[in-house]
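>>> Here is my input, please return the structure:
(one chain, ligands or ions: 1)
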Amino acid sequence: MQKPLTGKVVLVAGGTMANVLGLAVARHAKAGFDLRAEGLQGGRPRMLLYGSSETHGWVKKGAELLGLGSSAFRAVGVDADDRVDVRAMRAAIRADRAAGHHPFCVIGTAGTVNTGATDDLRALAALCRDEGLWFHVDGAFGALARLSDELAPIENACRAQLYDFSALSEAIAGASHSGVIGRATPARPPRLAAPLRPKRRR
Ligand SMILES: Cc1ncc(COP(=O)(O)O)c(C=O)c1O
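Numbers count the residues shown, from 1 in each chain. Here you go, the predicted structure:
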C-alpha cells in the first residue's frame, strides 16, 4: 500500500454493498433530522443525489433500498472523456434547491464500469464544499489501484485492461468520518454492547 489507511475500514461482499453502505451514511449525515428514528415518510423536501450518467447501476438499487426512490438520482451528462460535467451538475443542484428539494450527496466515480473514466474528483469535492453536500466516491475499480503500488501500473494501462480489476472487486467502503458509519447503522442490542464478563468459578 502506498498510503496508510486511517479511520475504520469495513470489508463487504462487493462494490454494490460498499456503495449502498456509503450512501446510507450520506443519507444519515446530511438528512438534517433524526432519519433513523423518523424515516423518510414525513412531508419533508425530497432528498436528491447526483452523479454522472456513467454511474454504475448500484446507485438506483441503493436509492430504492434506502427509501429515496430511484428518481432521486439525478444523472448528469458527461464530456468527451466520459467524465461528469461539473458545471451542469452545479446548475442541476441549484435548480433543484430552488424548486424546494434537498440535494444531499454527489457521487464521483473513480473508474467507471463502461470505459474506466475517472471524474474530476477535486472539482467535485470543491462543489460539495461550496454546496454543503456529502461527497461519495465509487472506487470499485480505480481506488484500489490508487492504494496499491502493485496495481498502480494497471491503473495507467489501457482502458481494456481495467476489466482485469473485476477479479479484484472485493469492496472497501472507507470513511474518514469513522464515527458516522456507527451512527448511521442500527444500534447494537444491549446484550452485545455489554462487555463480556468471565464466568465465575465455583
Ligand atoms: C464502478 C463500479 N461500481 C460498482 C460496481 C458494483 O460492484 P459489484 O458487482 O461487486 O457489486 C461495479 C461493478 O462492476 C463497478 O464497476
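
>>> tell me which parts of the chain are close to the ligand?
Residues of the chain found near the ligand (CB under 6 Å from any ligand atom) are 14-16, 19, 56, 58, 109, 111-113, 138, 140-141, 169. Bear in mind the C-beta positions are built from the backbone N, C-alpha and C, glycine included.

>>> Restricted to helices, list the residues you listed.
Among these, the ones falling in helices (DSSP state H) are 15, 16, 19, 58.

>>> Would you mind measuring from the spatially closest residue to the first one that is not a sequence neighbour to residue 71?
Which is residue 15. Nearest residue to residue 15 in three dimensions, chain neighbours excluded: residue 140, at 3.5 Å (CB to CB, 6 or more residues apart in numbering). Between residue 140 and residue 71 the distance is 23 Å, computed by CB to CB, to the nearest Å.

>>> residue of this structure with the smallest distance to the ligand?
residue 15 (2.4 Å; CB to the nearest ligand atom).

>>> measure that residue to residue 21 for me?
Residue 15 is 11 Å from residue 21, by CB to CB.

>>> What ranges does this structure have for its strands?
With DSSP state E as the criterion, the chain has strands at 8-12, 47-52, 73-76, 102-109, 134-138, 171-175.

>>> In TSV: the ones you listed, plus mean pLDDT and mean neighbour count.
What follows is the strands of the chain, written out as TSV (pLDDT from 0 to 100; neighbours: other CB atoms under 10 Å):
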stretch	mean pLDDT	mean neighbour count
strand 8-12	76	13
strand 47-52	98	24
strand 73-76	98	19
strand 102-109	96	25
strand 134-138	92	21
strand 171-175	42	20
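
>>> quick one: which of those strands is nearest residue 127?
Nearest to residue 127 among the strands of the chain is strand 102-109 (6.5 Å), distances taken as CB to CB.
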